[in-house]
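A structural model of the following input is requested.
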Amino acid sequence: MRVNPIMICLLAATPHETALLRQQLPLSPDPLLPGRSFSCHFCEVKILLVHTGIGAVSAAFNLTRLLERIAPQALIVFGCGGSYPTSGLQNGDLALATSELFGDLGTASEGGFVPLAELGISAQPGAPKLFEQLLFLNDKYYTAALACLREAPELSQFKISLGPFVTVNTVSGTEVLCRELEARSGGLCENMEGAALAQVAREYSIPLLEVRGISNPCGTRDRSCWDLPAGMASAQRAVLRLLKDLPELRKRACS
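Sure, this is the predicted structure:
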């Protein structure tokens with residue numbers, strides 16, 4: 001039996017990506033997912049913050065555990081992301097997802113990478129889908145969120161872009177892989193959990209909004225080009241603004 005619903009659930013992979021939120025919000029450990037969950041009331045809304053762990057499997061597993069017990073009104077996924085070259089995004093800038101793609105789900109061939117969706121694998125008529133490679137997110141939520149964030153004075157120094165995200169198991173640390181993934185996906189940035197969380201959210205019919213702070217350019221392992229703290233901080237500032245503007249965000253999303 002499910003317990004009383006949490007209105008908003010915040011999902012991030014690691015505690016590093018939630019440090020600012022845990023300073024700004026009156027969060028306390030929550031027994032729902034011991035060691036992973038924290039809860040509070042903020043602006044008359046009950047908030048549950050969950051650390052999902054890194055990677056698609058850990059993220060999907062822990063969100064499923066959560067949604068078997070509660071029914072939040074919405075999920076906000078946030079954290080760091082690596083920007084693709086033509087996105088125009090710099091470290092500290094923000095990106096909102098219109099869709100999530102399992103970017104490296106498929107097969108390698110002599111002619112290049114073939115996505116699973118192009119291998120001709122299909123379920124029997126009337127049977128559940130065998131996989132989802134591309135998941136589109138709720139346009140009313142990301143459109144409303146984009147407007148709220150672009151109107152926030154504390155975020156005015158950042159570029160805020162809207163577009164496709166790519167979820168990978170292998171981060172694009174080489175220019176060749178980075179350019180290939182960008183060309184195949186048209187993505188703004190990549191991460192390691194978003195598509196898995198979006199798929200679970202869809203199974204439970206719960207709207208999901210994903211915002212990433214850019215922490216590095218894809219295609220290089222040169223740490224002098226990276227700024228993890230900047231990406232983490234801007235994503236959390238965006239989440240705080242969305243929580244403060246929640247009545248307006250919901251009004252826009254439901255109009």
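
and the closest residue to residue 103 other than its chain neighbours, what does it touch?
The shortest distance from residue 103 to any residue that is not its chain neighbour, by C-beta to C-beta, 6 or more residues apart in numbering, is 4.0 Å, and that residue is residue 166. From N, CA and C alone the C-beta is placed, and that goes for glycine too. Taking C-beta atoms under 8 Å, 6 or more residues apart in numbering as the criterion, residue 166 is in contact with 100-101, 103, 181, 185, 187, 189-191.

so of the residues you listed, which ones are in helices?
181, 185 (DSSP state H).

Which pair of the contacts of residue 166 spans the longest distance?
Of all pairs drawn from the contacts of residue 166, the widest gap by C-beta to C-beta lies between 100 and 181 and measures 13.5 Å.

Contacts only, for the closest residue to residue 41 other than its chain neighbours.
Take residue 41 and drop its neighbours on the chain: the residue closest to it by C-beta to C-beta, 6+ apart is residue 47, 7.1 Å away. Applying C-beta under 8 Å, 6+ apart, one finds that residue 47 lies in contact with 6-10, 25, 27, 39-41, 243.

Kindly state the pLDDT recorded for residue 122?
We note a pLDDT of 86 for residue 122 in this prediction.

try residue 254
In the predicted model, residue 254 carries a pLDDT score of 79.

Give the residue from residue 100 and residue 181 that has the larger number of neighbours.
A count of neighbours by other C-beta atoms under 10 Å puts residue 100 above the other of residue 100 and residue 181, at 29 against 22.

quick one, phi/psi of the nearest residue to the more buried one once chain neighbours are set aside?
With C-beta to C-beta, 6+ apart as the measure, residue 195 is the residue that lies nearest to residue 100, at 3.9 Å, once sequence neighbours are left out. Listed backbone geometry of residue 195 is phi -60, psi -40, with angles given as degrees, to the nearest 10.

Relative to residue 34, how far out is residue 195?
Residue 195 sits 27 Å away from residue 34 when distances are taken as C-beta to C-beta, to the nearest Å.

What are the buried residues along the helix-or-strand element of the chain with minimal mean pLDDT?
Taking all helices and strands of the chain together, the one with the lowest average confidence (mean pLDDT, DSSP states H and E) is helix 246-254, at a mean of 83. Buried positions in helix 246-254, judged by neighbour count with 16 or more other C-beta atoms under 10 Å: 246, 249-250, 252-253.

do stretch 33-43 as well
Residues of stretch 33-43 classed as buried: 33, 36-39, 42 (neighbour count, 16+ other C-beta under 10 Å).

and that stretch, how far apart are its ends?
23 Å (C-alpha to C-alpha, to the nearest Å).

next one: stretch 165-173
Its first and final residues considered, stretch 165-173 spans 17 Å by C-alpha to C-alpha.

Quick check: pLDDT value at residue 2.
With respect to pLDDT, residue 2 has a value of 47.

Kindly report the same for the one 4 residues further on.
Each residue has a pLDDT score; the one for residue 6 is 62.

How many residues are close by residue 76?
Residue 76 is flanked by 23 other residues according to other C-beta under 10 Å.

An error on my part: the question was meant for residue 28.
Other residues within reach of residue 28 by the criterion other C-beta under 10 Å amount to 8.

Residue 48 is in contact with that one, correct?
No - when contacts are counted by C-beta atoms under 8 Å, residue 28 is not listed as touching residue 48 (11.1 Å).

Can you check which residues contact both of those two?
Between them, residue 28 and residue 48 share these contacting residues under C-beta under 8 Å, 6+ apart: 38-39.

Now do the residue nearest to residue 103 against residue 136, distance only.
Counting by C-beta to C-beta, the gap from residue 166 to residue 136 is 14 Å.

now swap in residue 241 and tell me
Computed with C-beta to C-beta, the distance linking residue 241 and residue 136 is 24 Å.

Surely residue 46 forms part of a strand?
Yes - according to DSSP: H, G, I helix; E, B strand; the rest coil, residue 46 belongs to a strand.

Residue 60 and residue 69, how far apart?
15 Å.

So for these two, which residue has more residues nearby?
Between residue 60 and residue 69, counting by other C-beta under 10 Å, residue 60 is the more crowded of the two (20 against 13).
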